[in-house]
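Student: sequence and predicted structure are below.
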Amino acid sequence: MEYRSEDSSKRILSTDDLIISYSPLTVLTFLALLIIFSILLSSGIILLLEGWYGISIEEAFTAMTQENSRSIRDYVRSVLVINHLFIFILPSIFVTLFFFKRNWKRFLKFSFTPPEIQSVNALFATFIIIASFPIAQFTLWLNKQIPLPEWAKNIEETTSSLLQNMLSIESPFELFLNILVVAIIPAFGEELLFRGVIQRNFEKWFRNPHAAVWLAAILFSTFHLQFEGFLPRMMLGALLGYLYFYSKSLWIPIIAHFIYNGIQIIAIYLYSNKISMVDIEQIDETPFGLIIFSIIFVFVIGYYFIQFNMETEKSEH
């Protein structure tokens with residue numbers, strides 16, 4: 001809860017009372033039911049798409065692990081866009097409009113104002129997310145030490161092969177398509193759902209921002225159904241959650257999420273076209289010194305990021 005002065009605090013309190021007039025459990029239950037409905041609806045649309053392309057999505061995924069056809073890649077991209085639109089974006093928007101009406105932007109903190117402050121926050125987020133890559137690689141290595149059942153390994157291998165074939169392209173236009181489909185749309189949709197709706201409701205429910213950040217991060221990682229990447233994705237979700245909480249703007253984790261995904265897409269593109277010799281898919285172990293440096297750098301930049309926002313909040317009072 002924000003307090004600016006005795007009079008303004010009363011005004012903000014009454015506005016927040018209006019915003020949270022529905023219990024978080026009610027909102028989240030409605031959201032879950034809406035997502036289930038949206039999954040069924042998107043499945044129907046994908047069936048129509050299957051008729052258009054003349055191939056089922058299962059056959060397309062199988063083909064993607066064996067060849068690198070442009071038409072198959074476009075088909076899979078179309079399916080990814082439909083899934084993100086119906087599972088992440090539309091349910092989040094509908095829920096916030098239904099429950100919070102004209103206060104939906106305030107509830108989501110869907111604002112980049114004041115622009116000079118949020119621009120600095122975006123710069124902080126960029127440094128933090130780039131510096132966190134060695135930590136993510138280390139947690140990925142840790143995750144891989146956990147033995148998985150054979151069926152889970154098969155899912156991981158199929159998913160990895162599918163993504164590798166879709167991202168390993170030659171055309172700059174396809175690079176743009178991949179950035180749009182795998183970086184921009186997921187960054188917007190997933191942050192809208194997991195940080196904007198779920199984390200915000202967890203904050204109101206548990207009255208503990210740290211519990212809200214980590215619970216939303218666990219759900220964020222679980223939702224992706226990639227077992228070998230559970231730990232790094234959970235850590236990414238927590239990092240994005242704290243960027244959201246302290247910046248008080250949903251655009252900051254959206255930008256950070258986009259940068260995280262975008263760097264990986266560009267790195268794969270550069271390697272597949274022999275522009276770079278670094279294959280991020282084959283990096284298993286990260287030097288210990290680099291991990292320590294990454295941790296220190298993230299915490300130092302994170303400290304100044306938090307201090308900057310605390311000082312900004314004080315100056316506004």
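Tutor: Everything's here; your move.

Student: could you pull up the residues touching the residue nearest to residue 152 when sequence neighbours are not counted?
Tutor: Of all residues not flanking residue 152 in the chain, residue 227 sits nearest, at 4.9 Å (Cβ to Cβ, 6 or more residues apart in numbering). Heads up, the C-betas are built off the backbone N, CA and C, glycines and all. Neighbour list for residue 227: 143, 148, 152, 155-156 [criterion: Cβ atoms under 8 Å, 6 or more residues apart in numbering].

Student: let's see it at 10 Å
Tutor: 143-144, 146, 148-149, 152-153, 155-156, 159, 221 (Cβ atoms under 10 Å, 6 or more residues apart in numbering).

Student: do the same with residue 305
Tutor: Residue 305 neighbours (Cβ under 10 Å, 6+ apart): 120-121, 123-125, 127-128, 242-243, 246-247, 252, 298.

Student: now residue 254
Tutor: With contacts taken as Cβ under 10 Å, 6+ apart, residue 254 has the following neighbours: 110, 112, 122, 125, 184, 187-192, 195-196, 240, 243-244.

Student: okay, who's weakest in these by pLDDT?
Tutor: Looking at the contacts of residue 254 by pLDDT, the weakest one is residue 112, with 89.

Student: distance of that residue relative to residue 255?
Tutor: Here residue 112 is placed at a distance of 9 Å from residue 255 (Cβ to Cβ, to the nearest Å).

Student: the two: who's more crowded?
Tutor: residue 255 (23 against 17; other Cβ atoms under 10 Å).

Student: any idea which helix or strand carries the residue nearest to the more buried one when sequence neighbours are not counted?
Tutor: In this structure, residue 255 finds its nearest non-sequential neighbour in residue 122, 5.1 Å apart by Cβ to Cβ, 6+ apart. Assessed by DSSP states H and E, residue 122 sits inside helix 115-131.

Student: list the buried residues in the helix or strand following that helix.
Tutor: Note on helix 115-131: by DSSP H and E, the next helix or strand toward the C-terminus is helix 133-144. Buried residues in helix 133-144, counting neighbours by 16 or more other Cβ atoms under 10 Å, are found at 133-141, 143.

Student: report the rounded mean pLDDT for the helix or strand just after helix 133-144.
Tutor: As assigned by DSSP H and E, the chain's next helix or strand after helix 133-144 is helix 150-167. Averaging pLDDT along helix 150-167 yields 74.

Student: now do helix 150-167 against helix 133-144: the angle between them, please.
Tutor: Angle, helix 150-167 to helix 133-144, by axes from the mean of the first three to the mean of the last three Cα atoms, to 10 degrees: 150 degrees.

Student: most neighbours among the contacts of residue 227, please name it.
Tutor: Of the contacts of residue 227, with other Cβ under 10 Å as the count, residue 221 tops at 22 neighbours.

Student: does that residue sit in a helix, a strand or a coil?
Tutor: helix (DSSP: H, G, I helix; E, B strand; the rest coil).

Student: which stretches of the stretch 201-317 of the chain have low pLDDT?
Tutor: 275-285, 317 (pLDDT under 70).

Student: all helices for it, in order.
Tutor: 209-223, 230-247, 251-272, 288-316 (DSSP state H, counting those that start in this stretch).
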